[in-house]
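Peer 1: structure of the sequence below:
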Amino acid sequence: MSKDLFDLSGKVALVTGASRGIGEAIAKLFAHHGAHVIVSSRRAESCDDVVRVISEAGGSAETMACHIGDMDNISATFAEIKRKHGRLDILVNNAAANPYFGHILDTDLGAYNKTVDVNIRGYFFMSIEGAKLMRENDGGSIINTASINGIQPGVNQGIYSITKAAVINMTKSFAKECAQFNIRVNALLPGLTKTKFAGALFENEKMHKLAMATIPMARHAEPEEMAGTVLYLASDASSYTTGESIVVDGGFTI
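Peer 2: Numbering: from 1, shown residues only. I've put the predicted structure just below:
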């Protein structure tokens, strides 16, 4: 019998921003395929419901709070993972910040700093700490949630789009330098997805109609439609895939 390439049994996976939306869908799918999932976001209580659902379905999960915009939080989180599990096989950098929606010329320093601290600095140092653990245990997989905004800037989403472009290049940089340790690094680039995070786009009727008119599939995505791509990138099914940015956008960027 051939090996199940999507089997994650025995793997320890950390998913940030996993209390809702795309991160929640990823965490549930990983658990369904056998991984022990560390469900993470800024507040522990917001992750507990996800852990409960996974556990009730027969999966293995735990809550671990981490604000990736805080360097001390990052250090403490990986110290706890090493203490409890001694390894990390999969890291999904999914938590993100997008506090400002408006013309790029009106971006203030506070919004700039928050977006950069989470989306660039946070992903960078989460990847460093995750890769160090993976290096000690013969490799692993890092998946970054970027955005189609990283290749085609969104209207009124200037600084967010800039940080997501940085994530795409960051993915390639880590992939190139970490391949020698059997660590693969790839990125998911979601299109318009129905999440609370993307609420501003759904609340703006004019922009929502414009988006629908430019998506060949003529609809937005659900979070679960992003999780399958991440499962592929986390599993042995993608064993020769690294440095790639996979666009999942219903054809928007065609």
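Peer 1: quick one, what contacts residue 152?
Peer 2: Contact analysis of residue 152 by C-beta atoms under 8 Å, 6 or more residues apart in numbering lists residue 253. No exception for glycine: its C-beta is placed from N, CA and C like everyone else's.
Peer 1: can you confirm it is in a strand?
Peer 2: No: counting by DSSP: H, G, I helix; E, B strand; the rest coil, residue 152 falls outside a strand, being coil.
Peer 1: mind checking how far it is from residue 217?
Peer 2: Residue 152 is 17 Å from residue 217, where distance means C-beta to C-beta, to the nearest Å.
Peer 1: same check on residue 184?
Peer 2: 29 Å.
Peer 1: more neighbours: which of the two?
Peer 2: residue 184 (24 against 12; other C-beta atoms under 10 Å).
Peer 1: any idea how far that one is from residue 38?
Peer 2: 19 Å.
Peer 1: repeat for residue 7
Peer 2: Distance from residue 7 to residue 38, by C-beta to C-beta: 19 Å.
Peer 1: these two: which is more packed in?
Peer 2: residue 38 (29 against 14).
Peer 1: quick check, that one in a helix?
Peer 2: No: under the criterion used here (three-state DSSP), residue 38 is strand, not part of a helix.
Peer 1: how about residue 143, secondary structure?
Peer 2: strand.
Peer 1: can you give me the strands in the protein?
Peer 2: Assigned by DSSP state E, the chain shows strands spanning 12-15, 36-39, 60-63, 90-93, 140-145, 183-190, 245-248.
Peer 1: as a markdown table, those strands with mean pLDDT and distance to residue 53 would be great.
Peer 2: Output for these, formatted as a markdown table (pLDDT from 0 to 100; distance: least, C-beta to C-beta, whole Å):
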| stretch | mean pLDDT | distance to residue 53 |
| --- | --- | --- |
| strand 12-15 | 98 | 14 |
| strand 36-39 | 98 | 10 |
| strand 60-63 | 98 | 9 |
| strand 90-93 | 98 | 18 |
| strand 140-145 | 98 | 21 |
| strand 183-190 | 98 | 22 |
| strand 245-248 | 98 | 24 |
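Peer 1: dump these into CSV; add distance to residue 164 as well.
Peer 2: Below are these laid out as CSV (distance: least, C-beta to C-beta, whole Å):
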stretch, distance to residue 164
strand 12-15, 18
strand 36-39, 23
strand 60-63, 27
strand 90-93, 12
strand 140-145, 9
strand 183-190, 8
strand 245-248, 10
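Peer 1: of all those strands, which lies closest to residue 223?
Peer 2: strand 183-190 (8.9 Å; C-beta to C-beta).
Peer 1: tell me what angle that closest one forms with strand 140-145.
Peer 2: 20 degrees (axes from the mean of the first three to the mean of the last three C-alpha atoms, to 10 degrees).
Peer 1: re the thing from before, do you know which of the strands of the chain lies nearest residue 118?
Peer 2: Once the strands of the chain are compared by C-beta to C-beta, strand 90-93 is nearest, at 10.0 Å.
Peer 1: no more questions from me, cheers.
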